[in-house]
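Colleague: When you get a sec, could you give me coordinates for this:
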Amino acid sequence: MADLANVHAEYDHHASKQSMQCIGLIALQCRHDPQMSLKEMGMKPEAWIFVCAATLFAIKVAQGRHRNVHRLQDGYIITASFIGAFVMRPIMAFLTALVIGALLPQGRGALASVPAWAAFPVLLITAEFAQYWLHRWAHDSNRHPILYGMHRTHHSAPYVNTTLLYRSNFCWGLIHPYSWVSALALYAGQTEAAVLFYLTILLWNVITHSDWRWDDTIIARVPGGLRIVQAFELLLVTPRIHHTHHGYGKDGKAYRNFNTMLTVFDRLFGTLHVPEGRPWRYGLPGGERHWLGQILFPLVPLGPVRRRDRRNRVVQD
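Modeller: Numbers count the residues shown, from 1 in each chain. Model prediction:
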């Protein structure tokens, strides 16, 4: 239990805040030097990525791209998600330390001798494989209604931009593969690989959730641009591939494109959809659920479906 207490202390001391959706909470620990700065542990790059996401959003707002898009309910959900990230930080630090320490009592530091450059691709592929299947199950409302109810919060916004990174159900991070795979890597002594993985996934979420569709720009303005983007997509997810996952109607396929960064598993399991353009609509078809239910489900019911008006605003019946 002493080792378990030490792991928990390390996780709790260097815990990094949770990112949306789709990233989860990573507890950063310093195995060799307890005085290692947050800058050295990757917190400064994380801050710059956040600034990048905020800047992209601010530019689009200044250009008028988000006029009449954001609703009061969206503000409630995003604010609650931010608060939830801080609430879940110590919970995830304790939970991952408790479970991993109990299952692998002799595994602490077992992979410390493996170079980070070799551990990183293994970590990325493992996490993306686990993410693919959890994410795919979370879009099956018939077979996995609880997972669907938790994940739908990220999809209920009638738009796609970088604010979706901070739109997540409170409980989603508890089961997110990125949280657990990263915590396992930290426990096994792969601090550098875990930090690099966290920053890479965070940056890629910014890229794919941004309203700035650089892949469309390449296709439209660069000679042979379509072939360039298609070659890129043989391995990596582009904004157009992820945007279609948040849409419905023409070129909207919420039941396709489940991975965050790699297209490999969507190709392997037949769920990749490469769109011709932007989805007809973003979000979820039908009515809207109360923001509190979306944040706290399954701790509280989702609540009844409420109608939307033509501007996607929730109508109070």
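
Colleague: C-alpha from now on. contacts and neighbour counts both.
Modeller: Fine.

Colleague: Could you identify the longest helix within this protein?
Modeller: Of all the segments assigned as helix in the chain under DSSP state H, the longest by residue count is helix 72-103.

Colleague: Following it in sequence, what is the next regular element?
Modeller: Towards the C-terminus, the helix or strand next in line after helix 72-103, according to DSSP states H and E, is helix 116-137.

Colleague: Quick one: residues in contact with the helix or strand just after that next one.
Modeller: Along the chain past helix 116-137, the next helix or strand (assigned with DSSP H and E) turns out to be helix 145-155. Defining contact as Cα atoms under 8 Å, 6 or more residues apart in numbering, one finds that helix 145-155 is touched by 20-21, 137-141, 164, 167-169, 171-172, 246, 283-284, 294-295, 297-298, 302.

Colleague: Now helix 145-155: buried residues?
Modeller: Along helix 145-155, the positions that meet the burial threshold by neighbour count (16 or more other Cα atoms under 10 Å) are 147-155.

Colleague: follow-up on the earlier one: and the contacts of helix 145-155, which of them are buried?
Modeller: Listed as buried from the contacts of helix 145-155 are 20-21, 137-139, 164, 167-169, 171-172, 246, 283-284, 294-295, 297-298, 302; burial here means 16+ other Cα under 10 Å.

Colleague: In the stretch 201-317 of the chain, where is pLDDT below threshold?
Modeller: 307-317 (pLDDT under 70).

Colleague: which stretches of it form strands?
Modeller: 247-248, 281-282 (DSSP state E, counting those that start in this stretch).

Colleague: Please work out which of the ones you listed is packed deepest.
Modeller: Each of the strands of the stretch 201-317 of the chain was given a mean neighbour count from mean count of other Cα atoms under 10 Å, and the largest, a mean of 22, is that of strand 247-248.

Colleague: Identify the residues contacting that one?
Modeller: Applying Cα under 8 Å, 6+ apart, the contact partners of strand 247-248 are 253-254, 279-285.

Colleague: Redo the residues you listed as JSON lines? Include distance to L196.
Modeller: Formatted as JSON lines, the entries for the contacts of strand 247-248 read as follows, by distance: Cα to Cα, whole Å:
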{"residue": "K253", "distance to L196": "30"}
{"residue": "A254", "distance to L196": "29"}
{"residue": "P279", "distance to L196": "32"}
{"residue": "W280", "distance to L196": "36"}
{"residue": "R281", "distance to L196": "34"}
{"residue": "Y282", "distance to L196": "31"}
{"residue": "G283", "distance to L196": "31"}
{"residue": "L284", "distance to L196": "33"}
{"residue": "P285", "distance to L196": "37"}
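
Colleague: And the pLDDT for E40?
Modeller: Predicted confidence (pLDDT) for E40: 47.

Colleague: got it, and N6?
Modeller: For N6, the pLDDT comes out at 47.

Colleague: What of A85?
Modeller: Here the pLDDT value assigned to A85 is 82.

Colleague: Pull the contacting residues for H290.
Modeller: Residues touching H290, when contacts are defined by Cα under 8 Å, 6+ apart, comprise 302-306.

Colleague: can you tell me how far the residue nearest to G249 when sequence neighbours are not counted sits from L268?
Modeller: Nearest residue to G249 in three dimensions, chain neighbours excluded: W280, at 5.2 Å (Cα to Cα, 6 or more residues apart in numbering). Counting by Cα to Cα, to the nearest Å, the gap between W280 and L268 amounts to 27 Å.

Colleague: Can you list the buried residues in the longest helix of the chain?
Modeller: 73-74, 77-78, 80-82, 84-85, 88-90, 92-94, 96-98, 100-101.

Colleague: on that earlier part again, mind giving me the PyMOL command for buried ones among the contacts of H290?
Modeller: Only the buried members of those end up in this PyMOL selection, burial being decided by 16+ other Cα under 10 Å:
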select buried, resi 302
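
Colleague: okay if I get the contacts of H290 as CSV plus distance to A116?
Modeller: Supplementary listing: the contacts of H290 in CSV, determined by distance: Cα to Cα, whole Å:
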residue, distance to A116
L302, 42
G303, 46
P304, 49
V305, 48
R306, 49
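
Colleague: quick one on the thing from earlier: neighbour count winner among W280 and L268?
Modeller: In terms of neighbours (other Cα atoms under 10 Å), W280 is the more surrounded of W280 and L268; the figures are 12 against 9.

Colleague: quick one: stretch 188-202 to chain centroid distance?
Modeller: In this view, stretch 188-202 has its centroid 15 Å away from the chain centroid, taken as Cα atoms, centre = their mean, to the nearest Å.
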